[in-house]
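>>> Fold the stuff below for me.
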Amino acid sequence: MNIRRFVLLVLVFLLGAAPTGHARDVRIATWNLGWHLSQAEAKDWIRDCGQPFALNPTTGLFEPSTTGATKSGWELKWGRNAKIKWDIAVKPPCDVYHANFKIVPVTEAAYQKRAQQLQDFIRTNLDPDIITFQEVSGALAVREVLPNDGADYEICSFDTFKVQRLAIAWKKNLGVGSDCAVVAPLSLPDLAAADQVRPGLSLTLQIDGKPLRVMTVHLKSSCVSPLEDRGKLDGGGDACPILQKQVHPLENWLEASSAGMPVILMGDFNRNLSHEKNSIPNSAVRSDGSDPVSSLPPGVLVRSLYGEVNDGAPGSSALAHLEPECPVNPVAKQLCERSKRELFDQEALKPLTKADSLGCRNPVGLDQMLVSTSLTVADPAIKVAIGRFGGTRPAGQGHSDPLLAISDHCPSKATLRF
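So this is what the prediction gives:
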């Protein structure tokens, strides 16, 4: 056998014996876009908010009217249980955008500009392979704010339940997606329709032939931290008992979905998981002190969502909590680290909300990223500053349209090696 043929045979052998798989870096992100609508839906919403309303003395509600003392929807007093004939399950309230504590009326041109700013921001600052969205009305609303109008992405979403929906977008070159499904148990379907909360949304991806499960959530609001009285998960009030009911549907999904594949779970938890981790020991995860690995005894309440859901049993369900850093400036970095252990009021968080810092009204503590411990984190999680894009400015002299905040949340991102 000549030398040349021998070398060729050795190369064929080595190439054939080499592993076919390879590591791939996957950029992940999550972002609550704050009552985000498609352009067509926004047009109808703007029209409805601009119509005249008058107080109906019989019902005690402000209702659409062309007679009597009228005000536009932009001038009414909104809020939970507002005295207005308006279904916020179907369309956002008219007070989404504020400046100087006053509602800013929205125009179609302003909403279009906001969409373009979101596109530019996502392309420049995130460029995600996988991104989960909360508070979006559906696939079209997401496609309109993805780079290149979403041409490079596939989108999993839905158009049922209430208008604050969820979506998962992933780059087409990442792999094939399947099993796009609403996780209805998280909506608590046993409650009356008006009291039901947001479901989850899950998807299975095949990345280089390897499966990955992704879920995004937007859990019940106003039960944020165990460090505050109204945030005790086993306490009273209206919100915490609802969040308590979402714990086990979430754990059930995790245990079933993590069998045979890694999991990414991220979104707006409306819960400060760092506070739970740092203040509630394993022996106090439940009100009776029982081990969270065991079945929950009747009548026993959960004190730590994180401790109960992420109990590590079965082993495949164990998650790593990616706690984000805030590298925008030294002050932000320090405040973010302290906020993982301390309870800050809105005044203390103000330095983070400024345009030269993170810029968003809800900077820390709500949005969470968790991944299976079998996955390697290539780049740590960070909060991405939106800066001046987090503020709304009303129309005025020289600009007939307002400038709208792109969101009241800042996105979080990280890189996994898959």
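>>> Please identify the buried residues of the longest strand along the chain?
In the chain, assigned by DSSP state E, the strand with the most residues is strand 25-36. For strand 25-36, the neighbour count (16 or more other Cβ atoms under 10 Å) marks Val26, Arg27, Ile28, Ala29, Thr30, Trp31, Asn32, Leu33, Gly34, Trp35, His36 as buried. Bear in mind the C-beta positions are built from the backbone N, C-alpha and C, glycine included.
>>> what does stretch 316-324 give?
Ser316, Ser317, Ala318, Leu319, His321, Leu322, Glu323, Pro324.
>>> Check stretch 41-61 too.
Glu41, Ala42, Trp45, Ile46, Cys49, Pro52, Phe53, Ala54, Leu55.
>>> And it, end to end?
24 Å (Cα to Cα, to the nearest Å).
>>> C-terminal to the helix ranked longest in the chain, what's the next element?
Identified as the longest helix of the chain according to DSSP state H is helix 239-257. Downstream of helix 239-257, the next assigned helix or strand under DSSP states H and E is strand 263-268.
>>> Thr70: neighbour count?
15 (other Cβ atoms under 10 Å).
>>> For it, which non-adjacent residue is closest in space?
Using Cβ to Cβ, 6 or more residues apart in numbering and skipping the chain neighbours, the partner closest in space to Thr70 is Pro52 (3.6 Å).
>>> quick one: contacts for that neighbour?
Pro64, Ser65, Thr66, Thr70, Lys71, Ser72 (Cβ atoms under 8 Å, 6 or more residues apart in numbering).
>>> Give me the buried subset of those.
Ser65.
>>> Just the ones of the contacts of Pro52 in strands?
Checking the contacts of Pro52 against DSSP E, those in strands are Pro64, Thr70, Lys71, Ser72.
>>> Touching, the second one and Asn56? I think so.
I take that to be Thr70. No: the pair Thr70 and Asn56 fails to qualify as a contact (Cβ atoms under 8 Å) at a distance of 11.7 Å.
>>> for the buried residues of stretch 316-324, which one is nearest Lys83?
When the buried residues of stretch 316-324 are ranked by distance to Lys83 (Cβ to Cβ), Pro324 comes first, at 39.2 Å.
>>> Name the residues linked to the nearest residue to Thr67 once chain neighbours are set aside by a beta bridge.
Nearest non-adjacent residue to Thr67, counting by Cβ to Cβ, 6+ apart: Ala54, 6.6 Å away. Going by DSSP bridges, Ala54 is paired in beta bridges with Glu63, Thr70.
>>> pretty sure Ala54 contacts Phe62?
Yes: Ala54 is in contact with Phe62 according to Cβ under 8 Å; the separation is 6.8 Å.
>>> Name the residues contacting each of those two.
Shared contacts of Ala54 and Phe62, counting by Cβ under 8 Å, 6+ apart, come down to Lys71.
>>> low-scoring stretches of the stretch 251-400 of the chain, by residue?
Along the stretch 251-400 of the chain, the model assigns pLDDT under 70 to no residue.
>>> ok and the longest strand of the chain relative to strand 263-268, angle-wise?
On the basis of axes from the mean of the first three to the mean of the last three Cα atoms, to 10 degrees, strand 25-36 is oriented at 30 degrees to strand 263-268.
>>> Which neighbouring elements make contact with strand 25-36?
Judged by 3 or more Cβ pairs under 8 Å, 6 or more residues apart in numbering; DSSP states H and E, strand 25-36 is in contact with strand 130-136, strand 263-268, strand 367-372, strand 412-417.
>>> Just the buried residues of the last one, please?
For strand 412-417, the neighbour count (16+ other Cβ under 10 Å) marks Ser412, Lys413, Ala414, Thr415, Leu416 as buried.
>>> Nearest spatial neighbour of Pro199, chain-adjacent residues omitted?
In space, Pro199 is closest to Ser187, 4.0 Å off (Cβ to Cβ, 6+ apart).
>>> so that neighbour makes contact with Val197?
Yes: using Cβ under 8 Å, Ser187 makes contact with Val197 at a distance of 5.7 Å.
>>> So what touches the host helix or strand of Ala109?
If you go by DSSP H and E, Ala109 is part of helix 108-121. Helix 108-121 is touched from outside by 33, 37, 39, 42-43, 46, 144-147, 149, 386, 389, 401-406, with contacts defined as Cβ under 8 Å, 6+ apart.
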